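Undergrad: Task: produce atomic coordinates for the following.
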Amino acid sequence: MTRIVTRIACLITATTPASPTTPAETVEPLPATALLQVALAHSPRVEDAGAGRVYLDATGLTGLFGDEPGLAARLSEAASRAGLAVRVGIADSRIAALAAARSGPGGAIVPPGGDAFFLAAAPLSLLELSRELSPKLSDDMTARLARWGLRTLGDLTALPTAGVFERLGAEGVRLQRLARGEDGRPLVSWRPGPRFEESAEWEWGLETLEPVVASLGELAARLCAQLARRGLAADGFAWTCRLGDGRLHEGALTPAVPMSDGVAVGRLLRLAIEARPPRGVVEGLTLRARPVRPATAQESLTERSRRSPRLLDATLNRLVALVGTAAVGTPALLDSHRPDAVALEDYRPRPDILSRKGKGRAVRGPANVVPADNPVLALRRLRPPAPAAVTLASGRPVALRSARLAGRIVAGVGPWRTSGEWWGRQPWLQDEWDVELADGTLCRIAHDGSTWHLAGIYD
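TA: As a prediction, the model looks like this:
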């Protein structure tokens, strides 16, 4: 009995989005819809992988389109007629087809059974761990493989499977098989979903921003009404303004939580479009919503109510309009011992009430509450640290002068030296002292090799 070999074709767009310096009016979105139409015209099973990439089932298409080089040429010609420049790769598995599509200007065709040999020289990044694993597992796996010195998929497949399982578990074995092209997952057939889109046209055009904002609010109200009737919400909105000179002005809004309140969405859209208004006469306006099904949650009768998502989202968008997206977010500690090494991540709402363990039961309340009969000394860190001038005697600090504090040092403990990242481009080193001033103030001072600064004050 002859086994039928599954063949998969991968289509990727050869064009890339415009650079961040390109004016927004001239940037066109990746033509995902057109790419899907090209694939659906040649195969009944098509998987949309996003980011200008689709996979299609190429098994059994020889009778319709000829051999596989002929199929690849036909797909390229059809995409060209649709205004797309694509690369085509054909192989037994998704990952090999993707590698073949990326291998050259026009792509490549991997012969049946040749995926493992073709993938051996491919970079390890082709596994796309962020797609295959959860974010935390992806970061851990990437760090481990990098520490092992693995660079290509062939390096990973050459490792003994038993050892991979002992150190990386079942996920490691699955990734090793994937690196050989052993991917038994069937294609997830694309199905058109409900389209939530509203448009408005004006024969003479709108020259001022206020009527455009009002029309955007009306379109948002109609879209939210459609979403509410289906029990849905939207986690993203995008609009397109067709200007009088033929240009397109596009924008997008991503609320902190999925929303279906037309009034609230209209207010957020007003803030977003006022922050970057269209430059020209607006002749047409289209608003699109990305539907999601919100998770249902029952509020507890014993806990205080959480903040309103609508008010929270409105506040966040006002802040973004004032200071920009790069200055709004949630502080997150970086993987470094450098003091105060933090970065801003996208804001994600968290529960207001934290839980901590008590004696035999969970206690509701702040996790850092300290009983009154057991006081502790807390260091209030200054961010950023305040510049200071420190006088030394026999290598020990004896006087401090800064904008916050000044005085004679009567006692001190230290130094404690911390350092790190000496292997990188920005190594750091500092010596810290805990000192007491003549007036009884306790503080921490630090020296980074060139300057002194006041790092914090004890409460």
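Undergrad: you'd agree residue 220 is in a helix?
TA: Yes: Residue 220: assigned to a helix according to DSSP: H, G, I helix; E, B strand; the rest coil.
Undergrad: any idea how far it lies from residue 209?
TA: 16 Å (CB to CB, to the nearest Å). No exception for glycine: its C-beta is placed from N, CA and C like everyone else's.
Undergrad: the more surrounded of those two?
TA: In terms of neighbours (other CB atoms under 10 Å), residue 220 is the more surrounded of residue 220 and residue 209; the figures are 28 against 14.
Undergrad: and the more buried one, what does it touch?
TA: For residue 220, the contact set (CB atoms under 8 Å, 6 or more residues apart in numbering) comprises 237, 262, 265, 266, 269, 287.
Undergrad: Can you give me the neighbour number for the fourth one?
TA: Okay, so that is residue 266. 18.
Undergrad: which residues touch it?
TA: With contacts defined as CB under 8 Å, 6+ apart, residue 266 is in contact with 216, 217, 220, 221.
Undergrad: What are the buried residues along the strand or helix carrying it?
TA: With elements taken from DSSP states H and E, the one containing residue 266 is helix 262-275. If you call a residue buried by 16 or more other CB atoms under 10 Å, then helix 262-275 has these buried ones: 262, 264, 265, 266, 267, 268, 269, 270, 271, 272, 273.
Undergrad: Find me the pLDDT at the fifth one, would you?
TA: Each residue has a pLDDT score; the one for residue 267 is 86.
Undergrad: likewise the one 3 residues further on?
TA: With respect to pLDDT, residue 270 scores 87.
Undergrad: what sits against it?
TA: By CB under 8 Å, 6+ apart, residue 270 lies in contact with 213, 216, 217.
Undergrad: Next, the first one: phi, psi?
TA: Geometry field for residue 213 lists phi and psi as phi -60, psi -40, criterion degrees, to the nearest 10.
Undergrad: picking that back up, quick one: which of the contacts of residue 266 is the most crowded by neighbours?
TA: The most neighbours of any of the contacts of residue 266, using other CB under 10 Å, belong to residue 220, which has 28 neighbours.
Undergrad: From residue 273, how far out is that residue?
TA: Spatial separation of residue 220 from residue 273 under the definition CB to CB is 11 Å.
Undergrad: Over to residue 193?
TA: 26 Å.
Undergrad: and what of residue 109?
TA: Look at residue 109 and residue 273: by CB to CB, they are 47 Å apart.
Undergrad: remind me which residues of the chain are low pLDDT?
TA: By pLDDT under 70, the weakly predicted segments of the chain are 1-4, 15-32, 136, 295-314, 325, 346-375.
Undergrad: what's around the closest residue to residue 34 other than its chain neighbours, how many residues?
TA: Among residues not flanking residue 34 along the chain, residue 82 sits closest, at 4.7 Å (CB to CB, 6 or more residues apart in numbering). Counted with other CB under 10 Å, the neighbours of residue 82 add up to 15.
Undergrad: follow-up on the earlier one: okay if I get the contacts of residue 220 as TSV plus distance to residue 121?
TA: What follows is the contacts of residue 220, written out as TSV (distance: CB to CB, whole Å):
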residue	distance to residue 121
237	44
262	54
265	50
266	54
269	49
287	47
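Undergrad: ok, of the residues you listed, which one's closest to residue 343?
TA: If you rank the contacts of residue 220 by distance to residue 343 using CB to CB, residue 237 comes first, at 27.1 Å.
Undergrad: host element of the closest one?
TA: With secondary structure defined by DSSP H and E, residue 237 is part of strand 233-243.
Undergrad: what comes up buried for that strand?
TA: The neighbour-count check on strand 233-243 (16+ other CB under 10 Å) flags 233, 234, 237, 238, 239, 240, 241, 242, 243 as buried.
Undergrad: Same question for stretch 56-72.
TA: Counting neighbours by 16+ other CB under 10 Å, one finds that the buried residues in stretch 56-72 are 56, 57, 58, 61, 65, 68, 71, 72.
Undergrad: Taking the residues you listed together, which two end up most distant?
TA: 57 and 72 (14.5 Å).
Undergrad: and which of the contacts of residue 220 is nearest to residue 188?
TA: For the contacts of residue 220, the nearest to residue 188 is residue 237 (26.0 Å; CB to CB).
Undergrad: Find the nearest non-adjacent residue to the closest one, please.
TA: Leaving out its chain neighbours, the residue that sits closest to residue 237 by CB to CB, 6+ apart is residue 253, at 4.5 Å.
Undergrad: Thank you, goodbye.
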